[in-house]
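Enquirer: Next input, structure requested:
(one chain, ligands or ions: 1)
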Amino acid sequence: MDLTLLKVHGSMNTFYLVEGPERDDYNELALRLTALDSEADGLLVVLPSLQADAKMRVFNRDGSEASMCGNGLRCVARFVCERQGIEEAVIETMKALLKVKKEKTLQDGIARYSVEISPVSFKLKDLPMVYEDNDEWLLKPLPFLSDDIVFSAVAVPNPHLIGLVPAAYQNDQSHQQKWAEFFNGPNDYFSDGVNVSYVTKVEEGIFVRTFERGVGFTNACGTAMTASALISCMAGLVPFGNVNVYNPGGMVQCQVEKKGEEIRLLLTGNATVLSVHRFQWENEVEDSGFKSVTELEEQVLYEKFIEQTSSISDQFAQ
Ligand SMILES: N[C@@H](CCC[C@H](N)C(=O)O)C(=O)O
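Expert: Predicted coordinates for the structure are as follows:
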């Protein structure tokens, strides 16, 4: 089968995007593509939907399917809005119908979209996480892990474990890597694995580094950045409202509103198309492969944007 793929990114969280019918082997396609491209964090599939303008499925580098992807949703939002000539849409995801919207471009040319991140749950059963007889785990050290990091568990709806850390843990990532690898292997706490983020306050917001389930360290994880902004607001690290979230791949804005139990989260950032690919997808691995690549110019502008945000991100080892 001859497929047309877009290589896209949100904050340098990079995916192949394909449009197609429902089928049960997109995990295989994700594995084929990521085996050929070490930059790709996974695959986004845009499908027809009976309830929304389109449906998104997301597959990690290792072929596992995730319930949500914030950076990926911005790229899907752009694809659907441009295809239909609209500025707002609703996208069906595994657990929710989410509103997406075209926003004013960044630096006069970088396409920018906002996406709803929902539903949000602090219930450990929704991640799932099991730790003694706790129902929630918010802003408390996990004693077996460290005494000086407060951790929070939140599902948005994919699972996140978020630690508020001093800068030293950003410069030496071995602590984060060790525990993220442990929680994503056979373990008693997270039966489905978990995305692990370390968050540090910076002058104009927060810096977030994420070790993603099914991927490893990534330039950025949209759901993790939004969940981290929520936890940072709840911890009093930054005020509720708009939070600038810096990451190794750039910067996004997360809008965090919490009224009692009701939480509203919005993630806004770039949705960039890097290149267009033709890919031959056959049963045999040796018959599959890229047939052509057309590079686009959009990344030039994005690189300039990164230069501006790098004064903050460069405080930490990349
Ligand atoms: N990078 C994504 C999240 C992708 C899914 C994640 N690895 C999971 O398995 O939950 C994002 O931008 O949110």
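
Enquirer: quick one: which helix or strand includes residue 301?
Expert: Using DSSP states H and E, residue 301 maps to helix 298-313.

Enquirer: So which bits of that helix are buried?
Expert: Buried residues in helix 298-313, counted by 16 or more other CB atoms under 10 Å: 298, 299, 301, 302, 305, 306, 309, 312, 313. Where you see a C-beta, it was placed from the backbone N, CA and C, and this is true even at glycine.

Enquirer: and if you look at stretch 106-120?
Expert: 106, 110, 111, 112, 113, 114, 115, 116, 117, 118, 120.

Enquirer: Repeat that for stretch 279-293.
Expert: Buried, per 16+ other CB under 10 Å, within stretch 279-293: 279, 281, 288.

Enquirer: For residue 25, state which of these is nearest.
Expert: Residue 25 has its nearest neighbour among the buried residues of stretch 279-293 in residue 281, at 9.3 Å by CB to CB.

Enquirer: Counting neighbours, what do you get for the residue nearest to that closest one when sequence neighbours are not counted?
Expert: Nearest non-adjacent residue to residue 281, counting by CB to CB, 6 or more residues apart in numbering: residue 1, 4.9 Å away. As a burial measure, residue 1 scores 10 neighbours (other CB atoms under 10 Å).

Enquirer: Can you tell me how far residue 1 is from residue 310?
Expert: Using CB to CB, to the nearest Å, one gets 41 Å for the distance from residue 1 to residue 310.

Enquirer: sorry, back to before: export the buried residues of helix 298-313 to TSV and tack on pLDDT?
Expert: Shown next, in TSV, are the buried residues of helix 298-313 (pLDDT from 0 to 100):
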residue	pLDDT
298	96
299	96
301	94
302	96
305	92
306	91
309	82
312	79
313	77
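
Enquirer: Widest-spaced pair of those residues?
Expert: Longest span within those, CB to CB: 298 and 312, 22.8 Å.

Enquirer: Can you lay out the buried residues of stretch 279-293 as JSON lines showing secondary structure and pLDDT?
Expert: Below are the buried residues of stretch 279-293 laid out as JSON lines (DSSP: H, G, I helix; E, B strand; the rest coil; pLDDT from 0 to 100):
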{"residue": "279", "secondary structure": "strand", "pLDDT": "97"}
{"residue": "281", "secondary structure": "coil", "pLDDT": "95"}
{"residue": "288", "secondary structure": "coil", "pLDDT": "93"}
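
Enquirer: Tabulate the residues you listed in CSV, adding columns for distance to the ligand.
Expert: Shown next, in CSV, are the buried residues of stretch 279-293 (distance: CB to the nearest ligand atom, whole Å):
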residue, distance to the ligand
279, 21
281, 22
288, 24
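
Enquirer: Any chance of the residues you listed in TSV with distance to residue 21 as columns?
Expert: Listed next are those as TSV, based on distance: CB to CB, whole Å:
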residue	distance to residue 21
279	16
281	13
288	19
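
Enquirer: Show me which residues of the stretch 101-250 of the chain are close to the ligand?
Expert: 158, 195, 212, 213, 214, 215, 221, 222, 223 (CB under 6 Å from any ligand atom).
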